[in-house]
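Chemist: fold the following for me, if possible:
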Amino acid sequence: MHVGLLIYGSLTAISGGFIYDRNLVRYLREQGDRVDVISLPWRRYGLSLLDNLNSGLRRRLTQAGFDVLLQDELAHPSCFWLNQRLRPRLSYPVIAIVHHLRCRERHPALLSRLYRRVEKRYLASVDGFICVSRTTGADVEDLVGRARPLVVAPPGGDRLTGKITAEQIAAKAVEPGPLKIISVANLIPRKGIHTLITALASLPHNGWQLTVAGSLNMDTSYVGSIRRQIAQDGLNARISLLGTVSDEELAVLLPQHHLLAVPSSYEGFGIVYLEGMHFGLPAIAGTAGAAKELIRHDHNGFLAPPGDADALARCISLLVEDRELLKRLSLTAHHSAAAHPTWNESAARARAFLQSFLR
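Modeler: Below you'll find the model as predicted:
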């Protein structure tokens, strides 16, 4: 099977969406499929709309000998009109990989209407959808109906090397000292790190430590505001901003912590929640989006409304004060991750879906 994959930027970029795309490409190639990556430049949303007029891209797509073209839905502004113009001239189906819809994020009203209109037109221009969660699949069908084939193939949780036993998890939970919290997130407003810091600032400072692992370069203005917030709350000794870490470093960091906290305003899935659970970390996430498909409140983690620092503080305080509760949630989180499909199992599901278009 000859597969094209259209993305923004580089497939090596560090984010949940690119981790998903990389693992799908890896699996397809391991099965003997040929995968050609078409990379479009990262630009502002408005400028990306101009790609629909790009004659070079139009020629490349019409002349390609693909059996199927995958498009990361993140690149929808570049394709929403182009796909419709090319449809009569393409000999292969176009399938969107949908992580989450931009119009489901929080935006000013005018922008939300623009995103919804463009995204709806894009989704109507493709032949099928690979969605990373049931929530995302429902969002897609809410926007364009159920006329097109759709498969849910969630990310796996077995990407990082290293293992931890139930005995090690239980011992770590009750060890003396502060609650060690880690956030694995690129520092952008949607990830809610500012809300997490507000919550932590309201708790006794000697009861916790926070490590934040993620890019500090995607939104430098936001990172500046986070650094000021930390300083103003007197938390420089309690919070570490590591910046981007490698997979190998992350596999070392996660088992050293007790709790994963990424209280995003919206997540299409949240691979990091699952990866934290793999190492026995209960997760704190937001109630919006698909995190609830992984996290059951007070079972393997906690869910809090987006932006609700008081709710976050209450959840964290429970674990600071009750290490037996932490142990129970940690062991349940570990069990939850073990029961989740692997990357190869999900990628096989996606591949079978692609092959169904070739019959």
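
Chemist: now the stretch 151-300 of the chain, which segments are flagged as low pLDDT?
Modeler: Within the stretch 151-300 of the chain, the set of residues satisfying pLDDT under 70 is empty.

Chemist: mind giving me the domain ranges of this structure?
Modeler: By the assignment in automatic domain parsing, the chain contains the domains 2-156+342-355, 166-338.

Chemist: mean neighbour count for those domains - can I get that in CSV?
Modeler: Yep, even glycine has a C-beta here, placed from its N, CA and C like the rest. As requested, the domains of the chain are exported to CSV (neighbours: other CB atoms under 10 Å):
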stretch, mean neighbour count
domain 2-156+342-355, 18
domain 166-338, 19
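
Chemist: please enumerate the strands of the protein.
Modeler: 2-8, 34-40, 68-72, 94-98, 128-131, 150-152, 179-184, 208-213, 239-243, 259-262, 283-286, 301-304 (DSSP state E).

Chemist: quick one: closest of those to Ser78.
Modeler: With CB to CB as the criterion, Ser78 lies closest to strand 34-40 of the strands of the chain, at 5.5 Å.

Chemist: measure how the closest one sits relative to strand 2-8, angle-wise.
Modeler: Using axes from the mean of the first three to the mean of the last three CA atoms, to 10 degrees, the inter-axis angle of strand 34-40 relative to strand 2-8 is 20 degrees.

Chemist: with only the CA atoms kept, save strand 34-40 in PDB.
Modeler: In PDB, the C-alpha atoms belonging to strand 34-40 read as follows (Å, rounded to 0.1, in the frame of the first residue of the first chain):
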ATOM      1  CA  ARG A  34       5.400   2.800   1.500                       C
ATOM      2  CA  VAL A  35       4.700   6.100   3.200                       C
ATOM      3  CA  ASP A  36       5.700   9.500   1.700                       C
ATOM      4  CA  VAL A  37       5.400  12.500   3.900                       C
ATOM      5  CA  ILE A  38       4.300  15.900   2.400                       C
ATOM      6  CA  SER A  39       5.300  18.700   4.800                       C
ATOM      7  CA  LEU A  40       3.800  22.100   4.600                       C
END
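
Chemist: for that strand, packing partners?
Modeler: For strand 34-40, the elements it packs on are strand 2-8, helix 16-30, helix 55-63, judged by 3 or more CB pairs under 8 Å, 6 or more residues apart in numbering; DSSP states H and E.

Chemist: quick one on the thing from earlier: would you reformat the strands of the chain as CSV and include distance to Phe269?
Modeler: Formatted as CSV, the entries for those read as follows, by distance: least, CB to CB, whole Å:
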stretch, distance to Phe269
strand 2-8, 17
strand 34-40, 22
strand 68-72, 14
strand 94-98, 10
strand 128-131, 9
strand 150-152, 10
strand 179-184, 14
strand 208-213, 19
strand 239-243, 23
strand 259-262, 12
strand 283-286, 11
strand 301-304, 15
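
Chemist: and Thr220, which of the ones you listed is closest to it?
Modeler: Each of the strands of the chain has some distance to Thr220 by CB to CB; the shortest is strand 239-243, at 12.2 Å.

Chemist: who does that closest one pair up with?
Modeler: For strand 239-243, the paired strands and their directions (DSSP bridges) are strand 208-213 (parallel).

Chemist: outside of the partner strand itself, list whatever touches it.
Modeler: Counting by CB atoms under 8 Å, 6 or more residues apart in numbering, strand 208-213 makes contact with 178-185, 187, 193, 196-197, 200, 238-245, 249-250, 253, 257, 261, 316, 320, all of which sit outside it.

Chemist: can I get the helices and strands packed on strand 34-40 in TSV including mean pLDDT and distance to Leu90?
Modeler: Putting the helices and strands packed on strand 34-40 into TSV (pLDDT from 0 to 100; distance: least, CB to CB, whole Å) gives the following:
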stretch	mean pLDDT	distance to Leu90
strand 2-8	95	11
helix 16-30	91	20
helix 55-63	90	7
